[in-house]
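**Student:** quick check, what structure comes out for this input:
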Amino acid sequence: MKVVYSTCCGVDVHKKFFVATIITSERIQPTYQKKRFSTFNNQILQFKKWLLENSCLNICMESTGKYWVPVFNLLEDSINVTVANPKWVRAVKGNKDDTKDSKWIGDLFRLGLVPGSFIPCKAIRILRELTRYRFKLISCKSSEKNRYQNVFTVCNVALDAVVSDMFGKSASSITDYIINSDTFDPKHCVSLLKSSLKDKADEVIASIEGFQMEPEQKSRARLVMEHYEFLVDEIKKIDDMLDVLAAPYEGVITLLCTIPGVDRHTAITIISEIGTDMAQFLSSKRLCCWAGLTPGNNESAGKKKSVNITRAGVYLKPALVQVAHAAVRDTKNPYYRIKYERISKRRGKKRAIIAIAR
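**Tutor:** Below is the predicted model of the structure:
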């Protein structure tokens, strides 16, 4: 095989330390220099100095959790750092340790056998941290909404069978009245109903009468609601921070919002995941593969095996699937709806929505 990097370094990163092996290929037989460093900043800078002293400007390390990030942060300004997916640099079991792992990573990298992972610039990485945190908070908020609804379900309140949204104005007024009052007055409950829900007054009263809610259960409902309101406030704060960080990308956000189904939050999420320089993906097919929206290719002995989409794109893929669901319902732009209906007839709804997301 052809040697791509005459001088390079393989790094096996852990939480408290990392082992580095510099490989020099000046002769037929490569030479190795191995050292172990702590993950403290002063030791990482010492590692950087050691690399520069040996004229090693290309290193490769495995993306182990978040442990690679501190090393990457201090090296990216003067060293070409390749962060590799573990599946490309995994050593054979039974004959491996930290030193051998770093040597194995370096040997593979030296021959150009390790594809690098996409690592955006620091501004995009900071934006990504906030969008991913916002995604987690929204998921937590949805969980709290379900918990709040379950409080009433187990207490024989079937209000969710009548109203479409337990957090609408009418439903919220009724649930607040139930958990903050010692008695239940049907007439007062009817007076809390708004707009079209007034026509269902009898159903609403029938779904509530006879409920059994102990003081402890009411206290639990209040705790869940307090946590829900706290999450709503936190998400608003993150949105304000995202507006400031996304200001330099307003032109790109506006362009993305022209796609049916894409709103401002989704556009910011897309930018935070893939950046603005699409040259890093070489082609649209590579970008779709990176996002986990492309079926695999698994064939042996002339037989095609499982070709499901990969688990990549943990944050980007759900956002694009959400956009796809909105796009197929867009009446002003029927292209995606027609394409979705055509594919769903042959391949099913789930595969069709992934095809639209792609």
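
**Student:** give me every residue that touches the residue nearest to residue 3 when sequence neighbours are not counted.
**Tutor:** Spatial nearest neighbour of residue 3, excluding adjacent residues (CB to CB, 6 or more residues apart in numbering): residue 25 at 5.1 Å. Heads up, the C-betas are built off the backbone N, CA and C, glycines and all. By CB atoms under 8 Å, 6 or more residues apart in numbering, the residues touching residue 25 are 3, 5, 6, 7, 110.

**Student:** how about JSON lines for these, with pLDDT added?
**Tutor:** Formatted as JSON lines, the contacts of residue 25 follow (pLDDT from 0 to 100):
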{"residue": "3", "pLDDT": "88"}
{"residue": "5", "pLDDT": "91"}
{"residue": "6", "pLDDT": "91"}
{"residue": "7", "pLDDT": "94"}
{"residue": "110", "pLDDT": "92"}
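
**Student:** tell me where this protein has strands.
**Tutor:** Per DSSP state E, the chain carries strands over the ranges 7-13, 17-24, 31-38, 58-62, 80-84, 299-300, 303-304.

**Student:** show residues contacting the fourth one.
**Tutor:** Contacts with strand 58-62, where a contact means CB under 8 Å, 6+ apart, come from 5, 7-13, 18, 20, 51, 68, 71-72, 75, 79-84, 86, 89, 101, 105-106, 108-109, 114, 116.

**Student:** now with 7 Å, please.
**Tutor:** Residues outside strand 58-62 that contact it (CB atoms under 7 Å, 6 or more residues apart in numbering): 5, 8-13, 51, 68, 71, 79-84, 86, 89, 105-106, 109, 114.

**Student:** check what pLDDT the residue nearest to residue 86 when sequence neighbours are not counted gets.
**Tutor:** Distances taken as CB to CB, 6+ apart place residue 62 nearest to residue 86, at 5.4 Å, with adjacent residues excluded. Per-residue pLDDT puts residue 62 at 89.

**Student:** got it, and residue 4?
**Tutor:** 89.

**Student:** can you count the residues close to it?
**Tutor:** By the criterion of other CB atoms under 10 Å, residue 4 has 14 neighbours.

**Student:** same question, residue 142
**Tutor:** For residue 142, the neighbour count with other CB under 10 Å is 12.

**Student:** check contacts around it.
**Tutor:** Here residue 142 is in contact with no residue (CB under 7 Å, 6+ apart).

**Student:** need the helix or strand of this structure with the lowest average pLDDT.
**Tutor:** Taking mean pLDDT, DSSP states H and E as the measure, the chain has strand 299-300 as its least confident helix or strand, at a mean of 76.

**Student:** from the middle of its chain, how far away would it be?
**Tutor:** Here the centre of strand 299-300 is set off from its chain's centre by 31 Å, with CA atoms, centre = their mean, to the nearest Å.

**Student:** got the contact list for it?
**Tutor:** Strand 299-300 is contacted from outside by residue 305, using CB under 7 Å, 6+ apart.

**Student:** and that strand, which strands flank it?
**Tutor:** Strand 299-300 pairs in its sheet with strand 303-304 (antiparallel), by DSSP bridges.

**Student:** just how off-centre is the partner strand within its chain?
**Tutor:** With CA atoms, centre = their mean, you get 32 Å for strand 303-304.

**Student:** cool, and stretch 224-242?
**Tutor:** Distance, stretch centre to chain centre, for stretch 224-242: 19 Å (CA atoms, centre = their mean).

**Student:** can I get it in CSV, CA atoms only?
**Tutor:** What follows is stretch 224-242, C-alpha atoms only, in CSV (Å, rounded to 0.1, in the frame of the first residue of the first chain):
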residue,chain,number,x,y,z
VAL,A,224,-45.0,18.4,37.2
MET,A,225,-46.5,21.7,36.0
GLU,A,226,-43.9,23.8,37.8
HIS,A,227,-41.2,21.7,36.1
TYR,A,228,-42.9,22.1,32.7
GLU,A,229,-43.1,25.9,33.1
PHE,A,230,-39.5,25.9,34.1
LEU,A,231,-38.5,24.1,30.9
VAL,A,232,-40.6,26.5,28.8
ASP,A,233,-38.7,29.4,30.3
GLU,A,234,-35.3,27.7,29.7
ILE,A,235,-36.2,27.0,26.0
LYS,A,236,-37.0,30.7,25.6
LYS,A,237,-33.6,31.6,27.0
ILE,A,238,-31.9,29.2,24.6
ASP,A,239,-33.9,30.6,21.7
ASP,A,240,-32.6,34.1,22.5
MET,A,241,-29.0,32.9,22.6
LEU,A,242,-29.5,31.1,19.3
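
**Student:** for it, buried residues please.
**Tutor:** Going by neighbour count (16 or more other CB atoms under 10 Å), the buried part of stretch 224-242 is 224, 225, 227, 228, 231, 235, 242.

**Student:** quickly note the distance from the residue of the chain most remote from its centre to residue 245.
**Tutor:** Distance from the C-alpha centroid of the chain, by CA atoms, centre = their mean, peaks at residue 187 (47.5 Å). As judged by CB to CB, to the nearest Å, residue 187 and residue 245 stand 52 Å apart.

**Student:** can you report how many residues neighbour the residue nearest to residue 50 when sequence neighbours are not counted?
**Tutor:** In this structure, residue 50 finds its nearest non-sequential neighbour in residue 35, 6.6 Å apart by CB to CB, 6+ apart. Residue 35 has 15 neighbours, counted by other CB under 10 Å.
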